[in-house]
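[1] how would this look folded up:
(chains A and B)
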Amino acid sequence: MSLIDSILAGFSLVGNFESFFALFIGVAIGTIAGAIPGMSATMAVALTLPFTFSMQPIIAILLLLGVYKGGIFGGCIPAILIKTPGTPASSATVLDGYPLAEKGQAGKALGMALWASCTADLISNLSLILFAGWLASFALNFGPPEFFTLMLFSLTIIAGVSGKSLLRGALSAMLGLLLATIGLDLIYGTNRFTLGNPNMMGGLNFIAVLIGLFAIPEVLSIVWDPKPHKGQTRSLGDNSVTFSEYKKSFKSIVRGSFIGVFLGSIPGIGAAPSAFLSYSEARRKSPNRENFGKGELEGVAASEAGNNGVAGATLIPLLALGVPGDVITAIIIGAFMVHGLQPGPMMFVMNVDIIYGLFIGLIVSSVFLFIIGSVAIRGFKYVADIPRGVLFPGVLILCVYGVFAVNNNIFDVGVMFVMGWVGFVMLRNDIPAAPFLIAFILGPLLEDNFRQAMLMSGSSPAILFRGPITWFFWGLIFITVIAIIRAGVQAAKNLKKRR
Amino acid sequence: MQNLHRQTLIGLFALLAGLFLMTVAIPNWVSSPSNVRNIILAPIFWPYTLSALTILIGLGLMITGFFSSENMTPEPADVPGGYKRLAIMAVVMVIYMFGLPRLGMVWTSMLAFLATAFLVRTSHPKTAVICALCVPLVLYVFFAHVATVAIPQGNFVRLP
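    Got it, this is the predicted structure:
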């Protein structure tokens, strides 16, 4: 199929009112959820997922991608207006956004955040379109040994970068891998940890685990400490961002976008580090560097470009390799699976219409983000005023309905509650939940590819080193492990010095 | 900053969990056909490998907890009544789960909404009561009539 044919096939799939409406609604839901302190883009995507079961795959995935993109942008609104990042990715935006709001220039800061977010989103989407197909055609040469080393590399990097402690991240990933072994054995069909319960033979339901890990702990945290959110909402002021201000920050926006694209395409790094790196680079290069942290518009532009630049790029490993780039794409990979699709290089052969449909939808999402973002900035006060004592009980009910709807099974609701408590204990002990979920998704793929490789080679481990691709990934794993150990040793030394 | 006491305790938990898996859970709850010639392909290989790695990580956590020169940080301050509220929430969840097939999802959800709202000391009790009535009904309409999910109706009051 030629490129033109593929684009036309994509158009025929998404060129209808339902698809664009779903995308629009998705961006709106994401922006509102991201703007509510205490909610997050992850939670929004997780809670929206059950509503998509009855939809066509392309509409469902466009809706979820809209929520993702809206959620990442929405986080900047409370970051600027009440000094409370709606999502972790917006933490860098607080540094200059809130001081600007204190000066009565909240409208300017939010306007710049919107322009920077939409520009970065567009650059990120174009990068996805350019690189995903190329990477997928390269990945078509992968066999089980290559996929095994790729999954192992993804797990190494995810466990290493997600949290304050490498060991706690690794423990979280290990628990996720162990939980993924529950169910029937992939080759022999024998029971593993099913305890004779037929509900467990197919393994634990992915959606129950993810909603349990990411939504229920937030409800339990509010039960543990039911305090209302702090911070006073600032008024927008009359200021709006001008084209010359946008032009002045354009270099930082483009730089931040590419930082986001680069870091986003590496599984596990995520939007927050990208936002901080983009911000620090902008400060380093700016002639107004002494004004950063005191209310510099370029700082807001850089951090928002950094975190929104990630949004499209995290889909590169997801679509091309079937590896989630971060926790939200891990949820989206689950959505693909629920709708009978398996992301990865074969999708570019088997479902090229869906791939190009998604590309078209993503480009349009940047326009929707701009429209909805402009409205959301003005309507934030109503969103921020939703009382937590009403919001979180609603989240609990939504979780129960959503999880039950997956298989019409009350057992899944029980799994969700149990995982909620596990997630709460992890939250209280600074054990990151993201490696758990990503390992839970990658676990069966890792084991499956490992065992297939062993079957191919008659159990000779030499097959795991059979060619340049496996060597390349082993090299990356080695470099990552060394880098993580060095970072750990350096952190320990710094602590000693501080004492 | 990490809390070293916690680091050690987490390590101990990981160590015990790994040992439990290796000595009790895998031998009893993972069945492997007797004719598997190669251990690498056996259903027990992967769980044993992961358990061994969990033990190693547990040891790593314990060692870093014991021997690091990092300052001890205070335990996160306990919130007054926090454990009591959590215990009540656990009971609410158990009742919610077992009430679903008996009372029906809509009615159980209304009760769970109210219980949670008052547990988190909502400052808007009237709004909470209205939402407790409306949210489960709206969700029921969507899931039962749009997504055609068979929402449990319970033994008492059935909805259209």
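
[2] What's the local residue count around A:Leu114?
    Per other C-beta atoms under 10 Å in any protein chain shown, the neighbour tally for A:Leu114 reads 22. Any C-beta I mention is one placed from the backbone N, CA and C, and that applies to glycine too.

[3] what's the span of stretch A:345-358 from first residue to last?
    End-to-end span of stretch A:345-358 (C-alpha to C-alpha, to the nearest Å): 15 Å.

[4] what distance separates that stretch from the centre of its chain?
    On the basis of C-alpha atoms, centre = their mean, to the nearest Å, stretch A:345-358 sits 21 Å off its chain's mean C-alpha point.

[5] Give me the residues contacting it.
    Defining contact as C-beta atoms under 8 Å, 6 or more residues apart in numbering or on different chains, one finds that stretch A:345-358 is touched by A:1, A:6-7, A:9-14, A:19, A:57-58, A:61-62, A:65, A:132-133, A:136-137, A:139-140, A:142, A:315, A:319-322, A:341.

[6] can you do 6 Å?
    With contact meaning C-beta atoms under 6 Å, 6 or more residues apart in numbering or on different chains, stretch A:345-358 is reached by A:1, A:6-7, A:9-10, A:13-14, A:58, A:136, A:139-140.

[7] swap in stretch A:72-80?
    Against stretch A:72-80 from outside (C-beta under 6 Å, 6+ apart): A:31, A:34-35, A:37, A:41, A:84-87, A:89-90, A:93-94, A:97, A:101, A:106, A:109-110, A:113, A:117, A:304, A:308, A:311, A:369, A:373, A:380.

[8] For ChimeraX, write the select line for the buried members of the contacts of stretch A:345-358.
    Those of these that count as buried under 16 or more other C-beta atoms under 10 Å in any protein chain shown are selected in ChimeraX with:
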select /A:6,7,9,10,13,14,58,136,139
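
[9] would you turn the contacts of stretch A:345-358 into JSON lines with distance to chain B and pLDDT?
    Listed next are the contacts of stretch A:345-358 as JSON lines, based on distance: C-beta to the nearest C-beta, whole Å; pLDDT from 0 to 100:
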{"residue": "A:Met1", "distance to chain B": "34", "pLDDT": "65"}
{"residue": "A:Ser6", "distance to chain B": "32", "pLDDT": "80"}
{"residue": "A:Ile7", "distance to chain B": "32", "pLDDT": "81"}
{"residue": "A:Ala9", "distance to chain B": "28", "pLDDT": "83"}
{"residue": "A:Gly10", "distance to chain B": "27", "pLDDT": "82"}
{"residue": "A:Leu13", "distance to chain B": "22", "pLDDT": "83"}
{"residue": "A:Val14", "distance to chain B": "22", "pLDDT": "83"}
{"residue": "A:Ile58", "distance to chain B": "17", "pLDDT": "91"}
{"residue": "A:Ala136", "distance to chain B": "28", "pLDDT": "84"}
{"residue": "A:Ala139", "distance to chain B": "24", "pLDDT": "84"}
{"residue": "A:Leu140", "distance to chain B": "27", "pLDDT": "82"}
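
[10] Out of the contacts of stretch A:345-358, the closest to A:Ala282 would be?
    A:Ala136 (32.9 Å; C-beta to C-beta).

[11] OK, contacts around that closest one?
    Taking C-beta under 6 Å, 6+ apart, one finds A:320, A:345, A:348 in contact with A:Ala136.

[12] Number of residues surrounding the second one?
    Other residues near A:Pro345 number 22, with proximity taken as other C-beta under 10 Å.

[13] nearest residue to it other than its sequence neighbours?
    A:Ala139 (3.9 Å; C-beta to C-beta, 6 or more residues apart in numbering or on different chains).

[14] thought the one you found was touching A:Leu321?
    Yes. Assessed by C-beta atoms under 6 Å, A:Ala139 is found in contact with A:Leu321 at 5.5 Å.

[15] Okay, and the closest residue to A:Thr470 other than its chain neighbours sits in which element?
    For A:Thr470, ignoring the flanking residues on the chain, the nearest one in space by C-beta to C-beta, 6+ apart is A:Thr149 at 4.9 Å. Assigned by DSSP states H and E, A:Thr149 belongs to helix A:144-161.

[16] Now the residue of chain A found nearest chain B: closest residue in space, sequence neighbours ignored.
    The nearest approach of chain A to chain B comes at A:Gly389, 2.6 Å away (C-beta to the nearest C-beta). The spatially closest residue to A:Gly389, leaving aside those adjacent along the chain, is B:Thr122, at 2.6 Å (C-beta to C-beta, 6+ apart).
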